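Visitor: Please find the sequence and the predicted model below.
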Amino acid sequence: MRKERQQKYEEGARMKTVHKPDYVKAVSSIFLEKYEKRNSKPATGVLFNKYLTLLNRRLFSTFRRDVMMLPHCWYRWGDEVVRYYLPYIDWNHDDLTVTTVTFNDRRLSHNELSDVLTDEAATFADEFIAEYSGDEGFERAIDEVYSEAPYPFQNEYRKLRESLRISRSRPQISNYYDYVRDSLFEPAMKTFPSTFKNLTAQKNEFTAVFELALESKVSPDELYELDETFWFFFCYHLRLDRRCHFNVRKETLAFWEEVLPIETGRFEKSMQNYAWKYSNGRINPPSDPTICQLTEDRKKRVSEVNTLLAELNDDSFNYGGN
């Protein structure tokens, strides 16, 4: 009898695992269906992300536990779902200026789940679409998501990113470079979290290069490109922080960690190139030791590449001659 009871328990456990409600899928279907019906077009990827993030917060507050089990992390544009955990979502990038989202699996939708959680999700979807549609609503949704960012640096650096993004297409104020330095850049970097002390060298390199760019009065486009280079690099580390990922499998975290050396190498090369670009040809070269080191490292790297290319050309010539 004990053996039979054990077998029934194990079978029941397996059935619960197999038929465990996929609430992320259900609420995704609810939102995307409602949004498209109301606006006659698919939702943007940004709005979809913000809906899931804010719904997850509401459900957590209501049920006092993580009932939806949303796989998400803080990354480049805020709190984002981990896309490859949602195979039923299509991310359309045909328009380079905006990503749209559609639900691709009509075989299983929210109609198969009907409980207090999906009812709450449906109610919130109506509220969210009414509140956050349009450009201004879109910005308010982002503000609300960032209101619970784990580190103040995320909000301070966002001010810098947004200001530089806007200034690319608008006339500059008379003291533009002083304003960027004093009101945006320095306040942001002062809040850089000590948790990421392993990035101190990269942070110092970026700081030196950005200050050189301001001194050189490079275009707003170049400043924006530079600030995004550091932000993207930082976010590879941000999403791995224990406060910044949720319901992400160990295998995924291990893969994210594997790319860090590659991205660090890319970042270092970028900083070297920027340092060389903004100091090359000056009558009075920068005295900052960080800039000097970056330009020296670039000189060495370029020399090594040129030597290797010369050797390859010699080998090719010798091979062809024989």
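Guide: Looks like it arrived, so ask away.
Visitor: can you pull out the helices in this protein?
Guide: Using DSSP state H, the helices of the chain run over 2-18, 23-39, 45-63, 116-132, 134-146, 152-167, 176-179, 186-190, 200-215, 220-238, 250-258, 260-279, 289-321.
Visitor: Looking at those, which is nearest to Val101?
Guide: In terms of CB to CB, the element of the helices of the chain nearest to Val101 is helix 45-63, at 4.5 Å. All C-beta spots, glycine's among them, are computed from the backbone N, C-alpha and C.
Visitor: Now do the contacts for the most centrally placed residue in the chain.
Guide: The centroid of the chain falls nearest to Arg76 when counting by CA atoms, centre = their mean (2.0 Å). If you count contacts by CB atoms under 8 Å, 6 or more residues apart in numbering, Arg76 has them with 231-232, 235.
Visitor: which regions of the protein lie under the pLDDT threshold?
Guide: Scanning the chain for pLDDT under 70 picks out the ranges 1-20, 106-114, 281-286, 313-322.
Visitor: Outline the domain layout of it.
Guide: 2-146, 152-307 (automatic domain parsing).
Visitor: surely His72 meets Tyr85?
Guide: No - counting by CB atoms under 8 Å, His72 does not reach Tyr85; the two are 9.0 Å apart.
Visitor: Which one of the two is surrounded by more residues?
Guide: For His72 and Tyr85, the more surrounded residue by other CB atoms under 10 Å is His72, and the numbers stand at 23 against 16.
Visitor: Next, count neighbours for the nearest residue to Phe63 once chain neighbours are set aside.
Guide: Distances taken as CB to CB, 6 or more residues apart in numbering put Leu117 closest to Phe63, at 7.6 Å, once the chain neighbours are dropped. For Leu117, the neighbour count with other CB under 10 Å is 19.
Visitor: And Asn306, how far from Tyr274?
Guide: To Tyr274, Asn306 is 20 Å away according to CB to CB, to the nearest Å.
Visitor: which of those two has more neighbours?
Guide: Of the pair Asn306 and Tyr274, Tyr274 is the one with more neighbours under other CB under 10 Å, namely 25 against 10.
Visitor: Quick check: that one touching Val209?
Guide: Yes - using CB under 8 Å, Tyr274 is in contact with Val209, at 4.8 Å.
Visitor: Mind listing the shared neighbours of these two?
Guide: Joint contacts of Tyr274 and Val209 (CB under 8 Å, 6+ apart) are Leu226.
Visitor: ok, now which ones touch Asn247?
Guide: Counting by CB under 8 Å, 6+ apart, Asn247 has contacts 66, 69-72.
Visitor: can you check Thr100 too?
Guide: Thr100 neighbours (CB under 8 Å, 6+ apart): 41-45, 91-92.
Visitor: And Phe138, by the same measure?
Guide: With CB under 8 Å, 6+ apart, Phe138 has these contacts: 44, 46-47, 132.
Visitor: Which of those residues lies at the shortest distance from Asn280?
Guide: Val46 (38.3 Å).
Visitor: Give the burial count for the closest one, as a bare number.
Guide: 18.
Visitor: What of the one 4 residues further on?
Guide: When neighbours are counted by other CB under 10 Å, Lys50 registers 26.
Visitor: go on, Ser61?
Guide: Neighbours around Ser61, by other CB under 10 Å: 8.
Visitor: Would you mind measuring from it to Leu54?
Guide: 11 Å.
Visitor: How about Thr97?
Guide: In this view, Thr97 and Leu54 are 24 Å apart by CB to CB.
Visitor: of these two, who's got more company?
Guide: Neighbours around Thr97 and Leu54, counted as other CB under 10 Å, are more numerous at Leu54. The numbers are 20 against 4.
Visitor: so that one makes contact with Glu144?
Guide: Yes - at 6.3 Å, Leu54 and Glu144 qualify as touching, with contact defined as CB under 8 Å.
Visitor: List the buried residues for stretch 213-231?
Guide: Neighbour counts over stretch 213-231 (16 or more other CB atoms under 10 Å) mark 213-214, 218, 220, 222-227, 229-231 as buried.
Visitor: okay if I get the residues you listed as CSV plus distance to Asp126?
Guide: Shown next, in CSV, are these (distance: CB to CB, whole Å):
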residue, distance to Asp126
Ala213, 46
Leu214, 46
Val218, 47
Pro220, 40
Glu222, 44
Leu223, 41
Tyr224, 37
Glu225, 40
Leu226, 42
Asp227, 37
Thr229, 40
Phe230, 39
Trp231, 34
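Visitor: Kind regards, and thank you for your time.
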